[in-house]
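*Asks:* Return a 3D structure for these sequence lines:
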Amino acid sequence: MNNFVFTQKIYSYLLAAYRWYLLTPQRSLDEAYQAALQIKSIEDEHFNGQKIDVDSSSYSSSMMDYFELDLKKQLKIARMRLTEFRASRWFSNESNQKAARKTGIEYPSADIILEKLRFIDEVISKYTVADPEINSAIVTQPQIVKVDEVATQKSPAPLTTPSANKNIEQKLKPRRKADTTGVLPRSILGTISRLQVELDPNSEQDVVQSFRQAQRRTIISIRFILLLIIVPLLAHQLSKTLIVGPLISHFRQDETANVFINFEMEEEALAELQRFEERLKFENLIGLTPTLNPEAIEDKLKEKAAEIAEEFRGESANAIKNVFADIFSVVAFVWLLLVSKQSISVLKDFFDNLVYGLSDSAKAFIIILFTDVFVGFHSPHGWEVILEGISRHWGLPANRDFIFLFIATFPVILDTIFKYWIFRYLNRISPSAVATYRNMNE
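*Replies:* Numbering: from 1, shown residues only. Have a look, this model is predicted:
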């Protein structure tokens with residue numbers, strides 16, 4: 001009877017989940033439409049139907065910050081839901097539509113869908129090029145002028161004027177440091193750039209603007225890095241606790257489930273039981289414990305064996321849960337990457353400025369540290385520990401042949417890629433850093 005009730009609950013949950021899946025296109029489109037309506041209402045009420053301009057002088061800075069935050073929130077909702085709408089429509093087919101009609105779901109007509117899509121596109125297209133936060137961090141990248149590190153472009157302008165900013169905004173892909181090389185030595189170009197900045201009457205305003213853009217880029221990058229870490233971990237823990245755990249615990253009964261899912265666990269359990277038996281006999285022989293007859297020793301061994309079996313049964317179930325929870329975690333990570341393309345561009349620019357802005361000695365130090373840890377003489381031991389930990393996490397036996405093959409190939413490939421990066425990019429951008437690296441590595 002309990003199994004029947006549980007089966008009925010599972011069926012109702014699956015049916016509700018299937019209905020939620022069938023309603024995904026309609027729900028996503030409606031949420032994107034509501035977000036576009038929110039943006040349109042702000043435009044009509046406060047900006048006379050025009051685009052929300054963060055540089056507007058009609059409101060104070062605090063009010064513009066409020067509008068900017070609301071705009072950013074609604075734009076993110078609209079874009080995410082449009083992506084979800086396209087993905088769900090791609091998976092939708094005729095059989096799904098028939099199943100939806102059987103469950104009482106009526107999809108809106110094509111005219112209504114196209115009208116909503118047209119309205120959404122009209123609203124968010126105004127902010128496609130100049131997003132108030134992300135695109136401003138992508139388009140204009142502030143550079144700190146140094147005599148020996150900057151001015152790698154043919155026409156150096158680390159701090160641009162407002163007219164230059166407009167020209168830059170027309171180019172959707174900014175040129176990074178690793179994409180260009182200078183004809184003249186960079187020290188001469190850096191001196192010329194510094195003089196241009198010092199003689200520019202608008203340099204103070206440009207410095208403030210550049211600092212704000214750099215601050216936004218840093219905030220976006222750090223926030224996105226934290227999301228890349230926190231979201232998969234939350235997806236893993238929540239799915240393991242709420243979805244995978246209860247299902248595994250129900251279908252894998254403790255009484256009938258296998259205690260061990262691989263031979264390594266069995267060997268570890270036998271070794272632990274053997275150590276317990278030897279310790280028990282040793283303490284009995286030297287008089288640390290009351291004298292035990294063979295029957296008492298056998299009873300204690302049975303209790304210990306049951307305890308070990310329970311422990312490894314739970315460890316086996318936990319390994320199976322980890323496999324499915326990791327799948328949810330990977331899906332959440334990939335989904336976050338798909339809906340955060342602009343944040344990824346900002347993150348690339350952030351690391352580009354961070355890495356290439358270091359001094360030559362700092363670059364050489366990081367290169368040596370990275371290569372010694374991952375492709376150095378002692379790196380095989382680290383890779384072996386990592387692979388064995390992953391195998392134990394998933395409840396798989398540690399295949400020594402696979403581990404040795406991986407250690408023999410992957411660090412070599414990684415070392416080749418890293419050397420190619422040094423030869424292809426770093427040697428062109430900062431040859432002095434390459435020379436410092438070679439001197440420190442000798």
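
*Asks:* what's the neighbour count on Gly389?
*Replies:* 10 (other Cβ atoms under 10 Å). Using the backbone N, CA and C atoms, a C-beta is placed for each residue, glycine as well.

*Asks:* pLDDT of the strand or helix carrying Ser12, averaged?
*Replies:* Using DSSP states H and E, Ser12 sits within helix 2-22. Along helix 2-22, the predicted local confidence has a mean pLDDT of 66.

*Asks:* Equivalent analysis for stretch 39-46, please.
*Replies:* This predicted structure assigns stretch 39-46 an average pLDDT of 85.

*Asks:* how many neighbours does Ile229 have?
*Replies:* Using other Cβ under 10 Å, the number of residues around Ile229 comes to 11.

*Asks:* go on, Gln205?
*Replies:* The burial count assigned to Gln205 is 13, neighbours taken as other Cβ under 10 Å.

*Asks:* How about Pro397?
*Replies:* Considering only other Cβ under 10 Å, Pro397 is surrounded by 13 other residues.

*Asks:* Ramachandran angles for Pro397?
*Replies:* Pro397 adopts backbone torsions of phi -70, psi 140, taken as degrees, to the nearest 10.

*Asks:* Run through the residues that contact the spatially closest residue to it that is not a sequence neighbour.
*Replies:* Using Cβ to Cβ, 6 or more residues apart in numbering and skipping residues adjacent in sequence, the residue nearest Pro397 is Asn262, 4.3 Å away. Applying Cβ atoms under 8 Å, 6 or more residues apart in numbering, we find Asn262 in contact with 395-397.

*Asks:* following the helix holding Ser12, which helix or strand shows up next?
*Replies:* Assignment by DSSP H and E places the next element after helix 2-22 at helix 24-46.

*Asks:* what comes up buried for the helix or strand Phe211 falls within?
*Replies:* In the assignment (DSSP H and E), Phe211 maps to helix 203-238. Neighbour counts using 16 or more other Cβ atoms under 10 Å place 206, 209-210, 213-214, 216-217, 220-221, 224, 228, 232, 235-236 of helix 203-238 among the buried residues.

*Asks:* which among those gets closest to Ser343?
*Replies:* Among the buried residues of helix 203-238, Phe224 lies closest to Ser343 (Cβ to Cβ), at 4.4 Å.

*Asks:* measure the closest one to Glu442 for me?
*Replies:* Note on Phe224: its distance to Glu442, by Cβ to Cβ, to the nearest Å, is 39 Å.

*Asks:* phi, psi of the residue nearest to Pro397?
*Replies:* phi -150, psi 160.

*Asks:* go on, Gln274?
*Replies:* Dihedral angles (degrees, to the nearest 10) for Gln274: phi -70, psi -40.

*Asks:* Check Ile320 too.
*Replies:* Dihedral angles (degrees, to the nearest 10) for Ile320: phi -70, psi -40.
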